[in-house]
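# How does the following fold in three dimensions:
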Amino acid sequence: PEERGLRQSQAPVWHGLVAGAVSGLASRVVTYPADTVKARLQVQGAAAQRATQQGRVVARAYTGALDAARALLLNEGPPSLYRGCGAVLVGVLPANAAYFGGYELGKSLVPRGWGVGGDMATGAVAQLLAGLVYTPVDIIKERMQVQAIMGGAYKYRGPLHALRSMLAEGNGGVGGGSKYAGRSSGGTSSSSSGGSASHIGSSSAGVASSGSSAGNQAISSSRTTATSSSGSNSIIIISSSSSSRVGPIGSSAEAGHSSAPDRSAGGGGGGSSGEARRPRVPALQWRRFSGLFRGYWATNCVWLPWNVLYIAGYERAREAAARAQGLQRPDQLQPGAVAASSAGAAAAAAVVTHPADVVKTRLQVLTGTAEGRHLTAALVARRMLAAEGARSFWNGLSARLLNIAPGCALSWALYEQIKTQLAVAAG
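Residues are numbered from 1 along each chain as shown. The predicted model follows:
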C-alpha cells in the first residue's frame, strides 16, 4: 500500500485529466435532475416578476425541491429533468479534465508544508482552469433548464441552437429564438443563425451584385435590422458603390444609403472598384464570444471560494479518516471513506457559497432576455433583496445539496480509484 501511494503521488498530470473526465461524466449524469430542480427554484422569483411586468399570468410557484420535481414530471415529462444535458455531456469531459488536471498541477506546484494554505491554493488553480471551459456550458445548461418558465424570452431547440444564438448575442443580439429577436426579417436571421453583425453587410453586398429586386429587398431588410437594434453597440458593414462604411448601428455611417444598393446592383449599370469589402474587424470577432461568458466573474465568485473550502476540507477529512483507520497515507483509504470525505466537504462549501450561486444563476439566465442584457451581479442581488427579501438568496439550497454532495462523493471516489488503476498499470 505504501508503494502504491508513492506511485500515485508521483503520477503524471495526464492521469488526473483522464480520471477527472471519466468520473465527472458519470457523476453529472446521475445528479443532473437535481441540478435542473435547483435552477428552477433559484430563477422562479425572477420569472414571476417578468410575467407580472408583461401582464402575463404568473405560474404557480414551486414550494420546494420535491414539489418542483413533481411538477416537472407531471407537466413537462421526464425529459425535462435532463433539458440542456447535451451541453453538459459535451463540456463535462474537457471541463473536468481541466479541473482535475488543475488540481494535480496545483498539488505539484504548491510547496510541501503549506498545509491548509496549500490546499486552498490548489483549489484556486483547479477552478481558474475549469472555469474557462465550464462557464459557456453552464450558461447554455441553465437557460435551457429554465426556459419553460421564462415566458418565451428564448426558445432554444437544443444546445447547438443555444450556442449559435449566444454567439449572436455577443454581437448585441438578443438570445436566439426569442420573441424579441424576430420582429424584423433581418432580426430573425441574425439571431437564429448566430451570425455577427458584420455578416449583414457581407450578405447585403453579395445580394446587391445580383441586380435583382429580391436583392434590394434583402438589403432593405438588413437596414431594418440595423435600425431596430440602434440601442446596441453592434457594428455593421454596409457596402456601396463608393466605399464600405463602418460605424455604429443607427449612426451617420448608415444614413443616406437608400439609393446605394441600386447604384451597385449589377443590373443597374455595374459596380465599381469601390465594391470590395473591408476585412472583418478583429474586435468584432472577439465580441462574438462575449455572450458565452456572461457572469464569468460571478461564476468565479461562487466556485473559487467553493473550491478553496472544498479542497481544504476534503484533504483534512481524508487525513483524519486515514489516521482513524491506522493508515499511513490518505491514498490508502477505501472508496467509501473517500466518498464520505468528499460529500461532507462539498455540502459545507455549498452552504457557504449558495447565496452567490443564486445570484450567478439569475445573472446568466436574465442576461439572455431583452431587458436584462446589461445586468450585473450587484444589480441582480439588490433587486432580489428589494423584491423577494433575504430568503430568496437561499432558494434551491436543498436541491443544490442533493446535486453537489452525492455528485462529489461519486466523482472523487471514482477519481481516486481510476488514478490508482492507472498508477498500477504504469508499473
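# Name the helix or strand for Gly365, please.
To be clear, residue 365 is Val; Gly isn't right here. Element membership for Val365 (DSSP states H and E) is helix 335-366.
# should've said Gln49
Going by DSSP H and E, Gln49 is part of helix 13-53.
# Compute the inter-axis angle for that helix and helix 335-366.
Following axes from the mean of the first three to the mean of the last three Cα atoms, to 10 degrees, one obtains 40 degrees for the angle between helix 13-53 and helix 335-366.
# Past helix 13-53, which element shows up next along the chain?
Using DSSP H and E, the helix or strand that follows helix 13-53 in sequence is helix 65-75.
# Who are the packing partners of that next one?
Judged by 3 or more Cβ pairs under 8 Å, 6 or more residues apart in numbering; DSSP states H and E, helix 65-75 is in contact with helix 13-53, helix 397-426. For glycine as for every other residue, the C-beta is placed from the backbone atoms N, C-alpha and C.
# other SSEs contacting the last one?
Right, helix 397-426. Helix 397-426 sits against helix 2-9, helix 13-53, helix 65-75, helix 335-366, with contacts defined as 3+ Cβ pairs under 8 Å, 6+ apart.
# Next, the buried residues of the third one.
Neighbour-count burial for helix 65-75, counted by 16 or more other Cβ atoms under 10 Å, picks out 65, 68-69, 71-72.
# repeat for the last one
Buried residues in helix 335-366, counting neighbours by 16+ other Cβ under 10 Å, are found at 337-350, 353-366.
# elements contacting it?
Helix 335-366 sits against helix 13-53, helix 116-146, helix 296-324, helix 377-388, helix 397-426, with contacts defined as 3+ Cβ pairs under 8 Å, 6+ apart.
# quick one on the thing from earlier: Ala378: which of the helices and strands packed on helix 397-426 is closest?
Ala378 sits nearest to helix 335-366 of all the helices and strands packed on helix 397-426, at 8.7 Å, using Cβ to Cβ.
# That closest one vs helix 116-146, what angle?
50 degrees.
# Helix 335-366 vs helix 397-426, what angle?
If you take the same axes, to 10 degrees, helix 335-366 sits at 130 degrees to helix 397-426.
# where's Tyr154, which helix or strand?
Here Tyr154 is assigned to no helix or strand, by DSSP H and E.
# I'd like to know which of the helices and strands packed on helix 335-366 is closest to His161.
helix 116-146 (9.6 Å).
# pLDDT (mean, whole number) over that closest one?
Averaged over helix 116-146, pLDDT sits at 88.
# same for it, what does it pack against?
Using 3+ Cβ pairs under 8 Å, 6+ apart: helix 116-146 touches helix 13-53, helix 85-109, helix 159-169, helix 296-324, helix 335-366.
# Give the buried residues for that helix.
Here helix 116-146 shows 118-131, 133-146 as buried, counting by 16+ other Cβ under 10 Å.
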